[in-house]
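Participant: Mind folding the following:
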Amino acid sequence: MTPVILLAAEKESAEVTDWAARLGWVVGLALFVALVYWLMREGWKWRGTLQGDLPELPTAPDDPGQAKLSLSGRYHGSTTAGQWLDRIVAHGLGTRSRVELTLTDAGLDVVRPGATDFFVPVAALREARLDKGIAGKVLTEGGLLVVTWAHGDRLIDSGFRSDHAAEHNEWVDVINSMIKATTTEGAER
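Facilitator: Residues are numbered from 1 along each chain as shown. Down below sits the predicted model:
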């Protein structure tokens, strides 16, 4: 038997990328992402339509009085009171933003650069507490200042986070004492 010598077949270069297929996948993925974004946007607008019965937000009075407390921080959104995942988006309440909070004898002034400002009259304040989450934001226990207030026929929880979280306890104490004083005055009349 004679040994058989196999000659290697001619060397071929590696297969070149199929650009048409790759481009098709990229375009398909981009269209899918655009569709998901569009659906999310439509859902946000639909939620705003469903909450269209919410009255316009009150604005600060011309002379709100002396500031008792003020803080700079972030506004994380508003939800239906007691339902921390039911975000309210009507009138811009669902828009996260920076915030400047000022508490006066007249109420709580919420100034949001780039978003709709609003004012919560002292008579509408119901409760202030520390919590760990509100729709779209979860923090450590007590990391969020949540103010419950009445607007129209709804109770709303609005979540704030100060740049200095140590301020939250003082805000809770002062707001709750204002609420207690207001309800005591109303009961005496």
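
Participant: following the top strand by length along the chain, which helix or strand shows up next?
Facilitator: Longest strand in the chain by number of residues, with DSSP state E as the criterion: strand 67-80. Once the chain leaves strand 67-80, the next helix or strand it forms, by DSSP states H and E, is strand 87-88.

Participant: Tell me which other helices or strands the helix or strand of the chain with the lowest mean pLDDT touches.
Facilitator: Within the chain, no helix or strand scores below strand 137-138, which has a mean of 78 by mean pLDDT, DSSP states H and E. Helices and strands touching strand 137-138, as assessed by 3 or more C-beta pairs under 8 Å, 6 or more residues apart in numbering; DSSP states H and E, are absent. C-beta: built from backbone N, CA, C; applies to glycine.

Participant: Surely G65 is within a helix?
Facilitator: No. With DSSP: H, G, I helix; E, B strand; the rest coil as the criterion, G65 is located in coil rather than a helix.

Participant: What segments of this structure are helices?
Facilitator: 19-50, 168-188 (DSSP state H).

Participant: rewinding a little: note down every partner strand of the longest strand of the chain and its orientation.
Facilitator: Applying DSSP bridges to the sheet, strand 67-80 is found paired with strand 87-88 (antiparallel), strand 97-104 (antiparallel), strand 154-162 (antiparallel).

Participant: what comes into contact with the shortest one?
Facilitator: The list of residues contacting strand 87-88 from outside it, by C-beta atoms under 8 Å, 6 or more residues apart in numbering, reads R47, Q51, L54, G77, S78, T79, T80, G94, A135, G136, I156.

Participant: Swap in 10 Å and give it another go.
Facilitator: Residues from elsewhere that reach strand 87-88 (C-beta atoms under 10 Å, 6 or more residues apart in numbering): 44, 47-48, 51, 54, 77-80, 93-94, 134-136, 151, 154, 156-158.

Participant: Stretch 36-52 now?
Facilitator: L54, T80, D86, R87, I88, V89, A90, H91, G92, L93, G94, R154.

Participant: Swap in 6 Å and give it another go.
Facilitator: I88, V89, A90 (C-beta atoms under 6 Å, 6 or more residues apart in numbering).

Participant: which residues pair with the first one across the strands?
Facilitator: Listed by DSSP bridges, the beta-bridge partners for I88 are S78.

Participant: okay if I get the strands paired with strand 67-80 as CSV plus distance to R126 and mean pLDDT?
Facilitator: Shown next, in CSV, are those (distance: least, C-beta to C-beta, whole Å; pLDDT from 0 to 100):
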stretch, distance to R126, mean pLDDT
strand 87-88, 15, 88
strand 97-104, 15, 93
strand 154-162, 6, 92
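
Participant: Let's have these in JSON lines, adding distance to E141 and mean neighbour count.
Facilitator: Formatted as JSON lines, the strands paired with strand 67-80 follow (distance: least, C-beta to C-beta, whole Å; neighbours: other C-beta atoms under 10 Å):
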{"stretch": "strand 87-88", "distance to E141": "21", "mean neighbour count": "20"}
{"stretch": "strand 97-104", "distance to E141": "21", "mean neighbour count": "19"}
{"stretch": "strand 154-162", "distance to E141": "13", "mean neighbour count": "21"}
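
Participant: Perfect, I'm done here.
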